[in-house]
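Enquirer: Take a look and give me a structure for this.
(one chain, ligands or ions: 2)
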Amino acid sequence: MRHVVGLDIGSSKIACLVGEVDDHGRLRIIGIGVVPSAGIRKGAIVDLEAATRAVEAAVTRAEHTSGLPFHSALVGMAGAHIVSLNSRGTISISRGSHTVQQDDVQRVLEAARAIALPHSHEIVHLIPRGFWLDSENGVRNPVGLHGYRLEVEAHVVAASTTALQTLETCCRGAGVEVQAFVLDPLAAGEAVLTEDEKELGVVLVDVGGGTTDIAIFIEGAAWHTVSLPVGGHHLSHDLAVGLQCPLPVAEELKVRHGCAATSLVTANEPVDVATFGDMPSNAVTRHDIAEILQYRVLDLFDLVRREIKRSGYDGLLPAGVVFCGGSAQLEGLRELAIEYFQLPVRVGQPHTARLSGLIDTLGSPAFAATVGLLRWGAHHHQVREHQNGTGHSSSDWKERLTRWLTTLLPE
Ligand SMILES: Nc1ncnc2c1ncn2[C@@H]1O[C@H](COP(=O)(O)OP(=O)(O)OP(=O)(O)O)[C@@H](O)[C@H]1O
Ligand SMILES: [Mg+2]
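Expert: Ligands and ions are numbered 1, 2, ... in the order given. Predicted structure coming up:
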């Protein structure tokens, strides 16, 4: 039995979960702390003090509900500073028997790390997509096989060093050391996608408050990831501007009466909207609201489609698009997406069937990345050795991460 802690610092909410993993890898959620976000915009910290207080509040609640004090967590990350690219590494197997050993795999992964990154960025994930051994491709785990030349193709996710440092300072200020950073859509993929979808080819789109995070999975591994600075806040903002009403009013209108597709709006009775100052309240129809929302949602779909095209994997995604994140709950989003992408579309919720404990609120698509962080921790069990510790200095998380990367190898 061991514990995993996931901390998702979003633009709308900060969520901290504590999970217990049994010897069979089953996850039970024993602690939860969710508070409204503060000091975060578009996935990045813009007010350290406010963000630290909010993270501390979420952590304290998770500690109280679980009865388990903890000092470190897996921390989700998103934001425009993240870059992702694909890389290749090649080494020769010169030992007498030409048998690939574990340390050859380590070496070839190291070789794949040698890529040009934007200034002051560092690698957070290096995900092996497949190995080539001499001319044999599609090798999932080369250890024990014979060959002369080992190549790996890997997906590399890098993030701005300063953004990571700020995130780390924020967590430490809240009493939590960063055990490892995990890219939000990779975490979300752990929670909402099936193995079949990942194997066949699928796009995961996590539409949060300030960001839309995308990950494309093919043959079981992530092949393309990106974080776009657009989310549900923009929908509310557009409504506030279009209907000349305060932002909280627009937010409530969106959640209660919003629909992403005008064609689905049938009941068209007017909704009373409180406007600014002394102006008389506006009577608008659900159709008016849907018109504003549809415009922005289609704009978002354009960005997603552009990313799919840019990845070069369009046409390779038979499992279609899976949406998650709080904004995936917008009525009509799925229907509009089916029409737009001409692919299968579903809204993914964390599979709570395989979870137990405090799962009542966690079935919402908004908690995909948070639950995914725990799954990630449960999966990659080398995390164990860093758990239950009393915290770590910032200098050694990179080293821990490097060791941890090796656990990402396919089994
Ligand atoms: N029923 C609903 N219909 C439409 N939008 C909704 C609904 N419920 C929540 N939202 C929107 O979901 C967004 C919050 O989603 P989520 O909790 O996934 O964000 P986050 O993870 O904090 O942010 P991010 O990942 O962008 O940093 C808000 O913009 C909110 O308005
Ligand atoms: Mg999020």
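
Enquirer: which SS state does Cys272 fall under?
Expert: That one is not Cys; residue 272 is Asp. Asp272 carries the three-state label strand when classified by DSSP: H, G, I helix; E, B strand; the rest coil.

Enquirer: burial of it, as a residue count?
Expert: Close neighbours of Asp272, defined as other C-beta atoms under 10 Å, add up to 9. Placement of C-beta: from N, CA and C, glycine included.

Enquirer: distance of it from ligand 1?
Expert: Going from Asp272 to ligand 1 by C-beta to the nearest ligand atom, to the nearest Å gives 19 Å.

Enquirer: Looking at the stretch 101-250 of the chain, which residue is nearest ligand 2?
Expert: Residue of the stretch 101-250 of the chain nearest ligand 2, by C-beta to the ion: Gly208 (3.5 Å).

Enquirer: Looking at that residue now. What's its pLDDT?
Expert: pLDDT, Gly208: 97.

Enquirer: and the closest residue to ligand 1 within the stretch 301-411 of the chain, what is it in contact with?
Expert: Evaluated by C-beta to the nearest ligand atom, the stretch 301-411 of the chain has Gly326 as its residue closest to ligand 1, separated by 2.2 Å. If a contact means C-beta atoms under 8 Å, 6 or more residues apart in numbering, then Gly326 has Ser12, Lys13, Val207, Gly208, Gly209, Gly232, Ser364, Pro365, Ala366 as its contacts.

Enquirer: Backbone dihedrals for it, please?
Expert: Main-chain dihedrals, Gly326, degrees, to the nearest 10: phi -60, psi -40.

Enquirer: that older thread, most neighbours of all the contacts of Gly326, which one?
Expert: Going by other C-beta under 10 Å, Gly208 tops these with 32 neighbours.

Enquirer: can I assume that residue is in contact with Gly231?
Expert: Yes: using C-beta atoms under 8 Å, Gly208 is in contact with Gly231, at 4.8 Å.

Enquirer: which residues are in contact with both of those two?
Expert: The contact sets of Gly208 and Gly231 overlap at Ser11, Gly325, Ser327 (C-beta under 8 Å, 6+ apart).

Enquirer: And the first one, what's its pLDDT?
Expert: Predicted confidence (pLDDT) at Ser11: the value is 95.

Enquirer: burial of Ala188, as a residue count?
Expert: Counted with other C-beta under 10 Å, the neighbours of Ala188 add up to 34.

Enquirer: Run through the residues of the stretch 201-350 of the chain sitting next to ligand 2.
Expert: Gly208 (C-beta under 5 Å from the ion).

Enquirer: Strands of the stretch 201-350 of the chain, residue ranges please.
Expert: Assigned by DSSP state E, counting those that start in this stretch, the stretch 201-350 of the chain shows strands spanning 202-207, 212-218, 221-228, 270-273, 282-285, 321-324, 345-347.

Enquirer: related to what we said a few turns ago, now do the residue of the stretch 301-411 of the chain closest to ligand 1 against Glu291, distance only.
Expert: 22 Å (C-beta to C-beta, to the nearest Å).

Enquirer: try Asp302
Expert: For Asp302, the distance to Glu291 - C-beta to C-beta - is 17 Å.

Enquirer: same deal with Gly25?
Expert: Counting by C-beta to C-beta, the gap from Gly25 to Glu291 is 48 Å.

Enquirer: which of the two has more neighbours?
Expert: Comparing Gly25 with Glu291 by other C-beta under 10 Å, the one with more neighbours is Glu291, at 15 against 11.

Enquirer: residues touching the closest residue to the more buried one other than its chain neighbours, list them.
Expert: Excluding the flanking residues, the one nearest Glu291 by C-beta to C-beta, 6 or more residues apart in numbering is Thr262, at 5.5 Å. When contacts are counted by C-beta under 8 Å, 6+ apart, Thr262 touches His287, Ala290, Glu291, Gln294.

Enquirer: Go through the residues you listed and name the one nearest Lys254.
Expert: Ranked by distance to Lys254 (C-beta to C-beta), the contacts of Thr262 are led by Ala290 at 10.4 Å.

Enquirer: Which neighbouring residues are in contact with the closest one, exactly?
Expert: Ala290 sits next to Gly258, Cys259, Ala260, Ala261, Thr262, Leu264, Val265, Gly332 when contact means C-beta under 8 Å, 6+ apart.

Enquirer: And the pLDDT for it?
Expert: Looking at Ala290, its pLDDT reads 96.

Enquirer: count of residues packed around the residue in the stretch 251-400 of the chain that ligand 2 sits nearest to?
Expert: Of all residues in the stretch 251-400 of the chain, Ala369 sits closest to ligand 2, at 5.0 Å by C-beta to the ion. Here the count is done by other C-beta under 10 Å, and Ala369 has 33 residues near it.

Enquirer: same deal with Glu195?
Expert: The tally of other residues near Glu195 (other C-beta under 10 Å) stands at 9.

Enquirer: For it, which non-adjacent residue is closest in space?
Expert: Distances taken as C-beta to C-beta, 6+ apart put Gly220 closest to Glu195, at 7.2 Å, once the chain neighbours are dropped.

Enquirer: residues near the one you found, how many?
Expert: For Gly220, the count of nearby residues is 15 (other C-beta under 10 Å).

Enquirer: ok, back up a step: select only the buried ones of the contacts of Ala290 in ChimeraX?
Expert: Only the buried entries of the contacts of Ala290 go into this ChimeraX selection, using 16 or more other C-beta atoms under 10 Å:
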select :258,259,260,261,262,265,332
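
Enquirer: thinking again about what came up before, ok, so of the contacts of Thr262, who is nearest Leu317?
Expert: Distances from Leu317 to these, taken by C-beta to C-beta, are shortest for Gln294, at 23.7 Å.

Enquirer: What helices and strands are in contact with whatever helix or strand Gly76 lives in?
Expert: Assigned by DSSP states H and E, Gly76 belongs to strand 72-77. With contacts taken as 3 or more C-beta pairs under 8 Å, 6 or more residues apart in numbering; DSSP states H and E, strand 72-77 sits against strand 2-9, helix 161-173, strand 177-183, helix 184-192, helix 368-379.
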